[in-house]
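*Asks:* Could you look at this predicted model? Sequence included:
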Amino acid sequence: DEDDDDDDGDHKEGKSDEDNDSGVEEKKSTKDKLSKRESKISKAARKEKLAESEHILKPEHLGLTPLADEYKDDTSDEEDIRNTVGNIPMEWYKDYPHIGYDLDGKKIYKPIRNKDELDEFLDKMENPDYWRTVPDKMTGTDIQLTDDQIDLVHRLQKGQFGDAKFDPFQSSIDFFTHETMIHPVTNHPAHKRSFIPSLIEKEKVSKLVHAIKMGWIKPRKPRDDTPQYYDLWAKEDPNAILGRHKMHVPAPKLKLPGHEESYNPPPEYLLTDEERLAWEQQEPEERKLNFLPKAFGSLRAVPAFSRFIHERFERCLDLYLCPRQRKMRVNVDPEDLIPKLPKPKDLQPFPTTQALVYTGHTNLVRCISVSPSGQWLASGSDDHTVRFWEVSTARCVKTIEVEGAVKSIAWNPNPVHCLVALAVERSVIIINPSLGDRLLYGATDQLLAAFEKPEEEAPQPAEWAAAEGEAYDAGFRLTITHNKLVKQVTWHGKGDYLATVIPDNGNAQVLIHQLSKRRSQNPFRKNKGLVQCVSFHPVRPFFFVATQRYVRVYNLLKQELTKKLMANCKWVSSMAIHPGGDNVICGSYDSRLAWFDLDLSTKPYKVLRHHKRALRGVAFHKHYPLFASASDDGTVIVCHGMVYSDLLQNPLLAPVKLLRGHQITRDLGVLDVLFHPTQPWLFSAGADATIRLFT
């Protein structure tokens with residue numbers, strides 16, 4: 001019967017196990033059933049053995065209390081029994097929706113916390129247990145502390161023991177009694193080594209004795225306890241305590257007594273009644289003397305100084321309270337501050353002397369241009385003429401009269417074409433000077449005559465007209481008429497396009513004309529600022545537009561703004577582009593010359609202030625590392641400007657020569673400057689109606 005009951009009980013236990021374990025499947029294999037049956041048989045056998053051995057004594061029979069289960073009340077404070085992640089930083093789970101894993105390996109999800117600050121404040125006001133609620137980092141839930149836990153926290157904050165029952169002042173019990181015992185605790189005989197001197201200690205002592213003999217170890221001096229006093233305002237004596245201090249500032253010296261402090265000063269130091277009255281009416285801080293000079297017949301008649309202690313006290317206060325600062329003066333040789341520039345003779349060739357003067361104009365010469373071969377020079381003047389000169393002889397070979405002052409002149413840079421463009425009043429006149437090779441200028445006329453008008457003419461911002469009759473014989477070939485006055489004309493490097501500047505023309509301040517198709521166009525929908533001058537890039541399809549304060553670089557292919565250079569001056573007057581194309585110089589009316597390195601920055605690499613008055617023109621040489629600037633002070637300054645092929649090396653700028661010769665007329669000096677295309681020569685046009693060649 002007992003066996004049957006045990007079987008039933010085992011069946012019940014098995015059933016409850018099945019209910020608890022969710023992972024066990026309903027169908028068991030044959031092997032599991034056999035093993036379960038064997039375990040039941042072994043349990044029944046053990047119970048029979050226990051029944052047979054009833055003679056074994058139990059604790060109750062002897063009157064003893066049974067042993068309590070030592071793990072019954074055991075709790076773990078170190079870790080949460082629910083969260084099994086262990087002792088790790090809980091910040092690792094801040095980006096995950098769960099906070100750990102329970103005993104079954106399932107994720108413990110963080111509770112949804114959607115309380116804002118207002119809910120937190122209301123909870124703080126309404127919940128009476130808010131102050132004892134703390135968040136549990138292991139589970140993410142809020143836990144209310146019990147009274148015992150709060151009491152424990154208070155004790156720990158006060159520096160007391162955690163256990164309230166622990167007595168820190170209980171009487172100590174000596175391990176050994178204080179009475180001397182007759183018998184030893186251990187009766188080991190003493191070792192032999194306790195009677196023999198230690199060899200290790202002997203070696204250490206011998207080393208110390210040797211060090212003292214050699215002077216490596218100094219014997220300690222007796223400590224001197226006498227108080228030390230030192231002068232607070234000692235002189236800068238290297239032996240003094242304060243003198244060794246690096247930033248020590250000595251006290252200012254008192255002014256030595258003069259004649260006015262004598263007991264019998266000369267009569268000129270004694271004050272008159274008016275001076276004494278004025279002295280008494282002055283504020284104490286404004287008085288030159290803080291006492292009145294008096295004369296006494298003998299030294300015995302001199303009374304004691306009434307303000308002596310007061311004056312000494314003020315002096316001590318000044319020394320004690322007055323802050324002093326040492327200004328570290330840097331001893332720099334002024335020569336070291338000037339940059340080391342190469343000597344001008346090492347930078348030759350450059351123009352140094354005036355060789356020729358081209359005279360013939362009757363009014364100021366505004367502009368000059370030289371032919372690509374360097375054989376001919378063209379000049380435009382306010383006397384309504386254009387003159388062509390032979391460079392080597394200064395002979396005027398041709399004079400053409402126009403209807404107004406010539407503001408700008410430009411020789412076509414293409415050596416195949418023999419053309420010169422002039423800006424006169426509202427029109428741009430293109431002239432064939434018929435100089436040099438007859439085949440060359442004949443081919444130029446044939447090229448212009450080969451133009452055929454299109455059937456449908458599109459509206460253009462400027463009118464094109466071909467010259468006929470007497471004008472054609474004089475050299476005129478084409479006239480491009482604009483709405484307003486033309487200020488500047490400049491050619492593209494290929495010689496087919498030319499750009500003009502019309503300052504007062506609204507949004508059409510810059511126009512680009514194509515010679516072969518006789519077509520004009522406005523490249524900009526809107527002009528920003530007042531355009532001063534324009535220029536084409538010598539190599540790439542870039543177009544430079546200089547306004548009063550900025551130089552804008554446009555890409556003609558992409559039709560977009562590439563760079564905006566800030567000139568750092570009030571009004572740009574002129575501009576020149578380096579033959580390499582990566583550097584630009586700008587002259588301004590506030591007597592500055594700004595050098596821009598386009599690869600480096602949009603701000604000037606160097607600003608040169610060599611001239612005393614406004615700059616009228618700047619120019620680069622095509623082959624030599626030279627650039628020049630012309631100014632209203634009547635001078636031309638030639639500078640060496642070497643641009644290196646190594647991109648890491650900055651350009652070398654050095655002024656090499658100051659050229660004089662032009663007379664200042666009507667407050668105007670040199671109006672234009674230009675280099676010869678092949679030789680290191682310089683042309684300058686002045687307000688004194690002359691052109692000068694410097695070689």
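*Replies:* Nice, thanks for sending it over. Numbers count the residues shown, from 1 in each chain.
*Asks:* three-state assignment of the residue nearest the centre of the chain?
*Replies:* Per Cα atoms, centre = their mean, the C-alpha nearest to the average position across the chain is that of S601, at 14.1 Å. Put simply, S601 is coil when judged by DSSP: H, G, I helix; E, B strand; the rest coil.
*Asks:* separation between it and V584?
*Replies:* Noted for S601: a distance of 12 Å to V584, by Cβ to Cβ, to the nearest Å. C-beta: built from backbone N, CA, C; applies to glycine.
*Asks:* same check, this time on T362
*Replies:* For T362, the distance to V584 - Cβ to Cβ - is 35 Å.
*Asks:* Neighbour count: the two, which is higher?
*Replies:* Neighbour count, other Cβ atoms under 10 Å: between T362 and V584, V584 has more, with 27 against 11.
*Asks:* State the distance from that one to K327.
*Replies:* For V584, the distance to K327 - Cβ to Cβ - is 43 Å.
*Asks:* So which bits of stretch 441-460 are buried?
*Replies:* By neighbour count on 16 or more other Cβ atoms under 10 Å, the buried set for stretch 441-460 is Y441, T444, L448.
*Asks:* Reformat the residues you listed as a markdown table; add secondary structure, pLDDT and distance to H183.
*Replies:* As requested, the buried residues of stretch 441-460 are exported to a markdown table (DSSP: H, G, I helix; E, B strand; the rest coil; pLDDT from 0 to 100; distance: Cβ to Cβ, whole Å):
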| residue | secondary structure | pLDDT | distance to H183 |
| --- | --- | --- | --- |
| Y441 | helix | 80 | 141 |
| T444 | helix | 83 | 139 |
| L448 | helix | 80 | 141 |
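*Asks:* With distance to A164 added, can I get these in JSON lines?
*Replies:* Shown next, in JSON lines, are those (distance: Cβ to Cβ, whole Å):
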{"residue": "Y441", "distance to A164": "120"}
{"residue": "T444", "distance to A164": "116"}
{"residue": "L448", "distance to A164": "116"}
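*Asks:* out of these, who's nearest C316?
*Replies:* Nearest to C316 among those: T444, at 97.7 Å, using Cβ to Cβ.
*Asks:* Tell me how far W464 lies from I480.
*Replies:* Look at W464 and I480: by Cβ to Cβ, they are 6 Å apart.
*Asks:* so what sits against both of the two?
*Replies:* S520 (Cβ atoms under 8 Å, 6 or more residues apart in numbering).
*Asks:* Those two: which is more packed in?
*Replies:* The residue with more neighbours, out of W464 and I480, is I480; 25 against 20, by other Cβ under 10 Å.
*Asks:* And the host helix or strand of the more buried one, what's buried?
*Replies:* If you go by DSSP states H and E, I480 is part of strand 476-481. Within strand 476-481, the residues scored as buried using 16+ other Cβ under 10 Å are F476, R477, L478, T479, I480.
*Asks:* where does A471 fall, phi/psi-wise?
*Replies:* When quoted as degrees, to the nearest 10, the phi and psi of A471 stand at phi -60, psi -40.
*Asks:* circling back to that earlier point, point out the other helices and strands that the strand holding I480 packs with.
*Replies:* When contacts are defined as 3 or more Cβ pairs under 8 Å, 6 or more residues apart in numbering; DSSP states H and E, strand 476-481 packs onto strand 427-431, helix 438-449, strand 463-466.
*Asks:* Thanks a lot, see you next time.
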